[in-house]
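In: Okay, sequence plus prediction incoming.
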Amino acid sequence: MIFVEVLLPVPISGTFTYSVPEALADSIRIGYRVIVPFGRKKFYTGIIASQTPVAPQGYEVKDIALILDEWAVVRHLQLKLWHWMADYYLCTPGEVMRAAMPAGLKIESETFVSADPDYEEKPDERLSQREMAVMNYILGCEKKQPLDLIGKKTGFANIGPIINSLLEKGAVQISENLVERYRSRKETYVRLTVDKGDSDGLHKAFDSVRSGSMQEKALLALIEISAFMRQDSELQEVTRTELMERSGVTTTVIAAMAKKGIVDIYKKEISRFSYSGLVTGELPVLSEAQASALDSIHKSWFEKDITLLRGVTSSGKTEIYIHLIDYVLRQGRQALYLVPEIALTTQLTRRLQRVFGDKVVIYHSKFSDNDRVDIWKKLLASSEPCVVIGARSAVFLPFASLGLVIVDEEHESAYKQQDPAPRYNGRDAAIVLASMHGAKTLLGSATPAVDTYYKALTGRFGLIELTERYEGLRLPQVEIIDMAAARKRGEVEGAFSLLTRRLVNESLQRGEQSILFINRRGYAPIARCKLCGYVPKCENCDVSLTYHRHSDKLICHYCGTPYGVPDVCPACKEPGIEVLGYGSERVEEEIDSLFPTAAIARMDLDTTRSKDGYETIIDNFSKGKSQILVGTQMVTKGLDFGRVSMVGVINADSIVNFPDFRASERAFNMIEQVAGRAGRKSDNGVVAVQTYNPSHPLFDFLVRHDYKDYYQREIQERQRYNYPPFVRIIYVYIKHKDPAAVSTIAFEFASRLRVLLGNRVSGPDEPYVARIQTLYIRRIMLKIETQASISKVKSLLNDIRIEMTNSRQLLGAVLYYDVDPM
Ligand SMILES: Nc1ncnc2c1ncn2[C@@H]1O[C@H](COP(=O)(O)OP(=O)(O)OP(=O)(O)O)[C@@H](O)[C@H]1O
Ligand SMILES: [Zn+2]
């Protein structure tokens, strides 16, 4: 008998042991998917993580029910990465698996059941009454039925054991609805039935259509697009859609032509990532500074696997990346190019496709599940060189042989997954992934994370710096605008100071573009009663509501609940509710009324929900169809527009004043990055930063674009107050519906931790938002020495959790950890 450890997508620690029936023993491999019974109710799809000949002690092991694969859907190194992630981020491998695999590959309880046609009831294995009832239902269905549905239709809440027993008696078969879930994309094509060059045949074809008819039109168009008559070109394949567009005919016309035998209609599976645009294959010619940086990176990799490229905004880091990618592709290996946000993939994809054509693969969460399964399978099936551009989840793809990992804008907090588990940082996971493959890593940024720059300066990472913009352009001029003083002078109109308005206007006059950055989406972040001061709050969360004009609703940005705007204040019953402050909608509205002839675009979460949302906005702005782009943090980084000469930071204070030890780091990076969008192709970039606190020390560094000076100040603070990179932070989160219970539990957890870890423990505290989605929240902070073993901490935390669970002290509580919070 052999046993396998199966990884299941459930939030329970560890893997689960199952036995393998003799008949299946030869078909079992690591990385195969299997269907296994789980608990009393369910079947799950799991992945075989390992095999062992040793039976577990003390309990009865169940058989696996079905093997789904004939080859592994997960590679060995992926499993290794999942385990690393579960260990490091203090979650379960099942949670990692859930995040890692596209839904089309992991079919939780969507197991399908059908009757086994060969089944005959044996006298010693009669079906019970319940089984008969279920069996009759199944036999009455034409198609195989999902497990859940059978339970519902037959009224058995606990359908799992019944099916299990039917399965044992050989009465039913189970399968996964994989084929139906995962649909490959097919395209319809049309071709002439005559061979190229067969003019006789062609004449006959023309004879069979009436002159001036739709069929003739279609025939002419088909001849043209397929290059049928051209001697200098091979016959081209023509899609039905293209033919219809060119000739203006309908599918019926084409079908009629097929019936006559003039054309063939055929279907072909098309790859979702084929690229038919122009491929030059030419690498950008590097400037002297870029070429020398490239050279230094290669040299640095001799000694260190991880190197940081700090290059000021618009220094041309992307061009250097392109050369590095070319280098590994030539070696026959693969490259992963991570960006922090999907918005960045659009421009980047174009830049890379021009050089690498269909070797470019894109992967992120806006893709449909079918697309993601497609890409997964493509990478699984081949070890061909390719470059994957993706957001953080791309680290989970089945790479065969990575040679290079690039993490662009490595400082970005968007690399960190906040919720749900695994709460991982895509940058750090990518570094680990690279080391598993023996690949090199390049981290790139104009404003590296303090932790990263520290590691580079202390020799853990290599360090290469580019201090000039491409072509020696100067960095934009930064104006800090004292809004209080401007207001006194009567120069503030709506959200804008006089200077901001003037700069936008001047850029419009020169035919150039502006970007206005506002940290909040919606119309106004606060609603309040002007008579009694009452502030409407979310019923589920401890936050005030943001007014959205587009939908005329007050919306909670934590749980998404919309509320109507009350006509009268619920507290004083007077009609006093007004909205205050600025969000992107309102900035857009005001700038529109100030500059009515300019075309204005807005990019924020609300305008980019569709898959192509970003693309349209970014394309239009690139092409100059809009002159002013208003946006949230999405507009701050990485985008490359040639004609932007003015950048406005509308409310710098909301970025600077945040109660968190990373606040000033985040603020410096964000403002320096958005400033970097200005003057990328000419020397006249200017940035207006509006603030009520102009003497804040950060602004001085920003005006001078002095990253190093800023870093010095920041690292000293971190050392003085004992924060990363000098320690590692782990938050323990405790959530509960009951405010008293959450306090008691958090307090108890913290005091037990203190016994073991002393003053490394602080809290519990209420986080900034202390109640979300009806749960009250407490947070305990652990500061652990960087050289300490995280697995030791993990086992301490686990012990406490188990003790408290056993003494029923954690009842109703949600408990989780956040390692290296951002
Ligand atoms: N060698 C080159 N040849 C032609 N154009 C270049 C070259 N290097 C850079 N550029 C151009 O300069 C601009 C800035 O380059 P790039 O977008 O790579 O900057 P970056 O360093 O990534 O900046 P950021 O940190 O702001 O994202 C781009 O428009 C790019 O096409
Ligand atoms: Zn809410």
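Out: Sure thing, it's come through. For clarity, every value in this text was computed on a predicted model and none was experimentally measured. Ligands and ions are numbered 1, 2, ... in the order given.

In: can we go C-alpha only for contacts and neighbour counts from here?
Out: Will do.

In: interface residues of the stretch 151-300 of the chain facing ligand 1?
Out: By the rule CA under 6 Å from any ligand atom, the part of the stretch 151-300 of the chain lying against ligand 1 is Pro284, Val285, Leu286, Ser287.

In: I figured the third one hits Glu319, correct?
Out: Meaning Leu286. Yes: the criterion here is CA atoms under 8 Å, and Leu286 meets it with Glu319 at 7.3 Å.

In: If you count surrounding residues, which of those two has more?
Out: Using other CA atoms under 10 Å, the more surrounded residue of Leu286 and Glu319 is Glu319, with 20 against 16.

In: which residues make contact with the helix or strand that contains Asp700 from outside it?
Out: According to DSSP states H and E, Asp700 maps onto helix 697-704. The contact list for helix 697-704 (CA atoms under 8 Å, 6 or more residues apart in numbering) reads Gln477, Val478, Glu479, Ile480, Ser664, Phe668, Ile671, Glu672, Tyr707, Asp709, Tyr710.

In: Can you report how many residues lie near Gln712?
Out: 12.

In: Now it: which helix or strand?
Out: Using DSSP H and E, Gln712 falls within helix 707-720.

In: could you say what helices and strands that helix packs with?
Out: helix 450-457, helix 697-704 (3 or more CA pairs under 8 Å, 6 or more residues apart in numbering; DSSP states H and E).

In: rank those by mean pLDDT and give me the bottom one.
Out: Looking at the helices and strands packed on helix 707-720, the lowest mean pLDDT belongs to helix 697-704 (a mean of 93).

In: list the buried ones in that one?
Out: Under the neighbour-count criterion of 16 or more other CA atoms under 10 Å, helix 697-704 has Leu698, Phe699, Asp700, Phe701, Leu702, Val703 buried.

In: I'd like to know which of those is nearest to ligand 1.
Out: Nearest to ligand 1 among the buried residues of helix 697-704 is Leu702, at 15.0 Å by CA to the nearest ligand atom.

In: and the helix holding Asp700, how far from the chain's centre?
Out: Put simply, helix 697-704 sits 32 Å off its chain's centre (CA atoms, centre = their mean, to the nearest Å).

In: Name only those of the contacts of helix 697-704 that count as buried.
Out: In the contacts of helix 697-704, the ones that pass as buried (16+ other CA under 10 Å) are Gln477, Val478, Glu479, Ile480, Ser664, Phe668, Ile671, Glu672, Tyr707, Tyr710.

In: now, which of those sits nearest ligand 2?
Out: Ser664 (27.2 Å; CA to the ion).

In: The residue nearest to that closest one when sequence neighbours are not counted: neighbour count?
Out: In this structure, Ser664 finds its nearest non-sequential neighbour in Val656, 6.1 Å apart by CA to CA, 6 or more residues apart in numbering. Val656 has 21 neighbours, counted by other CA under 10 Å.

In: I'd like to know how far Val656 sits from ligand 2.
Out: As judged by CA to the ion, to the nearest Å, Val656 and ligand 2 stand 24 Å apart.

In: looking at it, that residue is touching Ala663, isn't it?
Out: Yes: under the criterion of CA under 8 Å, Val656 makes contact with Ala663 at 6.4 Å.

In: okay, and the common contacts of these two?
Out: Residues within reach of Val656 and of Ala663 at once, by CA under 8 Å, 6+ apart: there are none.

In: Tell me which stretches of the stretch 251-400 of the chain form helices.
Out: For the stretch 251-400 of the chain, the helices defined by DSSP state H, counting those that start in this stretch occupy 251-260, 288-303, 317-330, 343-356, 369-381.

In: who wins for proximity to Ile431 among those?
Out: Counting by CA to CA, Ile431 lies closest to helix 288-303 out of those; the figure is 13.8 Å.

In: Could you give me the buried positions within the closest one?
Out: When burial is assessed from 16+ other CA under 10 Å, helix 288-303 yields the following buried residues: Ala289, Gln290, Ala293, Leu294, Ser296, Ile297, Ser300, Trp301.

In: Of those residues, which is the nearest to ligand 1?
Out: The closest of the buried residues of helix 288-303, once distances to ligand 1 are taken by CA to the nearest ligand atom, is Gln290, at 7.1 Å.

In: Just give me the longest helix of this protein.
Out: Identified as the longest helix of the chain according to DSSP state H is helix 739-757.

In: CA-only coordinates of that one, as CSV, when you get a sec.
Out: Listed next in CSV are the C-alpha coordinates belonging to helix 739-757 (Å, rounded to 0.1, in the frame of the first residue of the first chain):
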residue,chain,number,x,y,z
PRO,A,739,-16.1,44.5,21.3
ALA,A,740,-15.6,43.2,24.8
ALA,A,741,-14.5,39.7,23.7
VAL,A,742,-12.0,41.1,21.2
SER,A,743,-10.3,43.1,24.0
THR,A,744,-10.2,40.2,26.4
ILE,A,745,-8.8,37.7,23.8
ALA,A,746,-6.2,40.2,22.5
PHE,A,747,-5.1,41.0,26.0
GLU,A,748,-4.8,37.4,26.9
PHE,A,749,-2.9,36.5,23.7
ALA,A,750,-0.5,39.4,24.2
SER,A,751,0.2,38.6,27.8
ARG,A,752,1.0,34.9,27.0
LEU,A,753,3.3,36.2,24.2
ARG,A,754,5.0,38.6,26.6
VAL,A,755,5.9,35.7,28.9
LEU,A,756,7.8,34.1,26.0
LEU,A,757,9.0,37.1,24.1
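
In: Can you name the element that comes right after the lowest-mean-pLDDT helix or strand in the chain?
Out: Of all helical and strand segments in the chain, the minimum by mean pLDDT, DSSP states H and E falls on helix 178-181, at a mean of 39. The element immediately downstream of helix 178-181 (helix or strand, assigned by DSSP H and E) is strand 186-192.

In: Okay, angle between that next one and helix 251-260 too, please.
Out: 50 degrees (axes from the mean of the first three to the mean of the last three CA atoms, to 10 degrees).

In: Now do the helices in the stretch 51-200 of the chain.
Out: 76-88, 93-100, 129-139, 147-154, 159-168, 178-181, 199-207.

In: Return the residues in contact with Ile555.
Out: With CA under 8 Å, 6+ apart, Ile555 has these contacts: Leu545, Thr546, Tyr547, His548, Thr561, Pro562, Tyr563.

In: Turn those into CSV, including distance to Ala740 and secondary structure.
Out: Compiled in CSV, the contacts of Ile555 are given as follows (distance: CA to CA, whole Å; DSSP: H, G, I helix; E, B strand; the rest coil):
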residue, distance to Ala740, secondary structure
Leu545, 25, coil
Thr546, 29, strand
Tyr547, 32, strand
His548, 34, strand
Thr561, 25, coil
Pro562, 28, strand
Tyr563, 28, strand
